[in-house]
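>>> Whatever this is, show me its structure:
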Amino acid sequence: MRCHHPDDHLDICHQLVAQLENNTRFILGVSNKDKPLTHQQYMKIKCGGMEGMQRVLELGSEALPSVTAIAANVMSQYGSLADFPYGEIVRDIANFSHRKSAKKSS
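Numbers count the residues shown, from 1 in each chain. Below is the predicted model:
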């Protein structure tokens, strides 16, 4: 993954991912902060987290806004990334699946 934004945007992305990870590891049953997450766990936290934040921020669901747009909305509404109510997106992270189940044909 590459970021085509200036370094200050990249810093915001890293801060947001760190907040998501620190506030939601328990959802995945990973209490040891020294234990690295698997790729699938990171995807669940990042993508489910973004969907949940979009829902909480009431940004609509037509298209997922950029990470920097979500971070800007969080900082505008809550003052900082750390003050976002991460407990409100637990359900979104727990339910996120990057593999959509295939519909069985009859």
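>>> Was I right to think Ile93 contacts Lys44?
Yes - counting by C-beta atoms under 8 Å, Ile93 touches Lys44, with 6.0 Å between them. All C-beta spots, glycine's among them, are computed from the backbone N, C-alpha and C.
>>> low-confidence ranges in this structure?
Where the chain drops to pLDDT under 70, the residues are 1-7, 61-62, 64, 99-106.
>>> now the residue positioned nearest the centre of the chain: how far from Val17?
Geometric centre of the chain, nearest residue: Gly49, 2.5 Å, by C-alpha atoms, centre = their mean. Gly49 is 8 Å from Val17, where distance means C-beta to C-beta, to the nearest Å.
>>> One more: Val56?
Separation of Val56 from Val17 (C-beta to C-beta): 17 Å.
>>> More neighbours: which of these two?
Val56 (19 against 16; other C-beta atoms under 10 Å).
>>> wait, what's in contact with that one?
84-85, 88-89 (C-beta atoms under 8 Å, 6 or more residues apart in numbering).
>>> hmm, 10 Å instead?
Listed by C-beta atoms under 10 Å, 6 or more residues apart in numbering, the contact partners of Val56 are 70, 73-74, 77-78, 84-86, 88-89, 92.
>>> Out of these, flag the one nearest to Lys35.
Closest to Lys35 out of the contacts of Val56 is Tyr86 (19.6 Å), distances taken as C-beta to C-beta.
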